[in-house]
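A.B. asks: sequence and predicted model, in that order:
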Amino acid sequence: MPVSHSIDRQRRLITIVVAGDLDDSAFDMIERDIASDPAYDRGYDCLIDARAARKLIGSLGGLRGMAAKQSVDPGVRRAIVTESLLFYGLARVFQAVHDARGLPDEVAVFRDIDAAAAWLAQPRAALSRGA
């Protein structure tokens, strides 16, 4: 599967690793898998590691639809990490759609996994959007 996840209850963090080619069904599948995981909590922050993502086979509409959903609690932070220029642009589209909808969680896009982890480790009151 091109997408996998792990949940760290102690750190209150969901880590999603994206590898290979992706299509709209991969996004739906990981959303279902995470929601059915007994360790899942809507209040956990999320690190999406897309450094190994290769190609998006699907619609930009699917990405926009996912960004418009409120699937987490207010205040949750989601950090998206990618080294690819294409996926960085797609992640920024995700962030822009999310922000335009005024959803109460935070999304930031990074090129460096350590910077994303540092952002997620900050107390929530100390955060500012973006990186």
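C.D. replies: Structure received.
A.B. asks: state the distance from residue 33 to residue 3.
C.D. replies: To residue 3, residue 33 is 8 Å away according to C-beta to C-beta, to the nearest Å. C-beta coordinates here come from the backbone N, C-alpha and C atoms, glycine included.
A.B. asks: neighbour count winner among those two?
C.D. replies: Each of residue 33 and residue 3 has its neighbours counted (other C-beta atoms under 10 Å); residue 3 has more, 20 against 15.
A.B. asks: mind listing the residues bridging to the more buried one?
C.D. replies: With DSSP bridges as the criterion, residue 3 is bridged to residue 18.
A.B. asks: that one and residue 17 touch, don't they?
C.D. replies: Yes. Contact criterion C-beta atoms under 8 Å: residue 3 and residue 17 qualify, at 7.1 Å.
A.B. asks: residue ranges with poor pLDDT in the protein?
C.D. replies: Low-confidence segments of the chain (pLDDT under 70): 1, 58-70, 125-131.
A.B. asks: report the longest strand in this protein, please.
C.D. replies: Longest strand of the chain, by residue count under DSSP state E: strand 45-57.
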